[in-house]
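1. could you look at this predicted model? Sequence included:
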Amino acid sequence: MFPIPSAPFPSSQPFAARLTAPAGAAEVRLFVRGGAAVLALPNRYSVTYLVMSGDDVVVVDVGSNADVPRVVDALRWLDRQPSSVRAVVVSHYHFDHVMGIDALARRCGCPVALSRAAFDSLRGGPQLRKPPGKAAWPFLLGWVRQGLPVLPASDWRVVRRYLDPAAANPFQSDIVPLDDGQTLFDLPGWRVITTPGHSDCSMALFHRRSGFLITGDTVRNYLGGEWNPLQVDPEQFVATKALLRALPVRTVFPGHGPVLDGKDVLEHLKTVRA
Ligand SMILES: [Zn+2]
């Protein structure tokens, strides 16, 4: 059984998010079901997820260097040490999900895990495409719905290298690739699913018995739960949608906004225009 902390973990909900996102601001929530446990930890630019099994933890997405102490506090709240983190996973290589990854991996002494496409591009393989220019205005609207976060100096120093997919590998930590269908380190039941469309390197993490699906930005929840309209490859996005909808998903952990929970949760997602 997974021990559930009695005291709540401190959480703040940015005023701009509560005001402008119809779904409201994301909340700290712990989900335990079917032998899997996931903590949703809303952070500065996106939601960080702590995936737990036994003493092992895998952290997914850390958007800001300023998020790192909060992730360490959350580990302690869950009675885990930074040394119990097996890897820090990049759901996709967009700056608002990645800038704090290396600092956390160094703090935990663990590798950074990326999808095969992101890993290969950092090793000189095919370059990832940038989001299309027409995505700038919808992205800014999303930024407001995220709570209009301001970049601290620790992020300003590194943001340029994360905005350019052709820049050199920014990680000082070891990097490891995650292939489609692979298990998530030794966490029982968790599988990697590559989900290109929003970006070339998007991936999801799925746990069949619990119906947990961590989607990165393929799904977001500013408007009550929607397929992300910002796509680098709309055709691939259609295939990704079909792939995910065929899975028995009960809980969606989106890249932004509150967790979505319920029967046929993917069938209820909205399709919105960018
Ligand atoms: Zn993204």
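-> Received, thanks.
2. residues touching the residue nearest to residue 35 when sequence neighbours are not counted, list them.
-> Distance criterion Cβ to Cβ, 6 or more residues apart in numbering; nearest residue to residue 35, sequence neighbours excluded, is residue 209 at 5.9 Å. Placement of C-beta: from N, CA and C, glycine included. By Cβ atoms under 8 Å, 6 or more residues apart in numbering, the contact set of residue 209 is 34, 35, 36, 189.
3. what subset of these is buried?
-> Neighbour counting by 16 or more other Cβ atoms under 10 Å classes 36, 189 among these as buried.
4. can you list the contacts of residue 209 in a markdown table and add distance to the ion, secondary structure and pLDDT?
-> Below are the contacts of residue 209 laid out as a markdown table (distance: Cβ to the ion, whole Å; DSSP: H, G, I helix; E, B strand; the rest coil; pLDDT from 0 to 100):
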| residue | distance to the ion | secondary structure | pLDDT |
| --- | --- | --- | --- |
| 34 | 28 | coil | 94 |
| 35 | 29 | coil | 92 |
| 36 | 24 | strand | 95 |
| 189 | 26 | coil | 95 |
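5. residues in contact with the residue in the stretch 51-200 of the chain positioned nearest to the ion?
-> Proximity to the ion, evaluated over the stretch 51-200 of the chain using Cβ to the ion, is greatest for residue 94 at 3.5 Å. Counting by Cβ under 8 Å, 6+ apart, residue 94 makes contact with 131, 199, 217.
6. top of those residues by neighbour count?
-> residue 199 (30 neighbours; other Cβ atoms under 10 Å).
7. the residue nearest to residue 35 belongs to a strand?
-> No: counting by DSSP: H, G, I helix; E, B strand; the rest coil, one finds residue 209 to be coil, located in no strand.
8. confidence score at it?
-> Residue 209 carries a pLDDT value of 96.
9. what sits against residue 120?
-> 126, 177.
10. where does it fall, secondary structure wise?
-> helix 116-122 (DSSP states H and E).
11. right, is that helix up against the ion?
-> No: counting by Cβ under 5 Å from the ion, the ion has no neighbours in helix 116-122; the shortest distance is 12.0 Å.
12. report whether the next helix or strand along the chain from that helix contacts the ion.
-> Next in sequence after helix 116-122, counting helices and strands by DSSP H and E, comes helix 136-145. No: counting by Cβ under 5 Å from the ion, the ion is not contacted by helix 136-145; separation bottoms out at 8.8 Å.
13. beyond helix 136-145, next helix or strand please.
-> helix 153-156.
14. now do the buried residues in the helix or strand just after that next one.
-> Under the assignment DSSP H and E, the closest C-terminal helix or strand after helix 153-156 is helix 159-163. Neighbour counts over helix 159-163 (16+ other Cβ under 10 Å) mark residue 162 as buried.
15. so what does helix 159-163 touch, helix or strand wise?
-> helix 95-98 (3 or more Cβ pairs under 8 Å, 6 or more residues apart in numbering; DSSP states H and E).
16. check which helices and strands the helix it packs on is in contact with.
-> Using 3+ Cβ pairs under 8 Å, 6+ apart, helix 95-98 sits against helix 159-163.
17. 10 Å instead?
-> Applying 3 or more Cβ pairs under 10 Å, 6 or more residues apart in numbering; DSSP states H and E, we find helix 95-98 packed against helix 136-145, helix 159-163.
18. what sits against residue 33?
-> Applying Cβ atoms under 10 Å, 6 or more residues apart in numbering, we find residue 33 in contact with 2, 207, 209, 210, 211, 212, 250, 251, 261.
19. now, of the residues you listed, which are buried?
-> Here, 16+ other Cβ under 10 Å leaves 207, 210, 211, 212, 250, 251, 261 buried among the contacts of residue 33.
20. that older thread, the helix holding residue 120: how far from the chain's middle?
-> 17 Å (Cα atoms, centre = their mean, to the nearest Å).
21. right, I'll leave it there.
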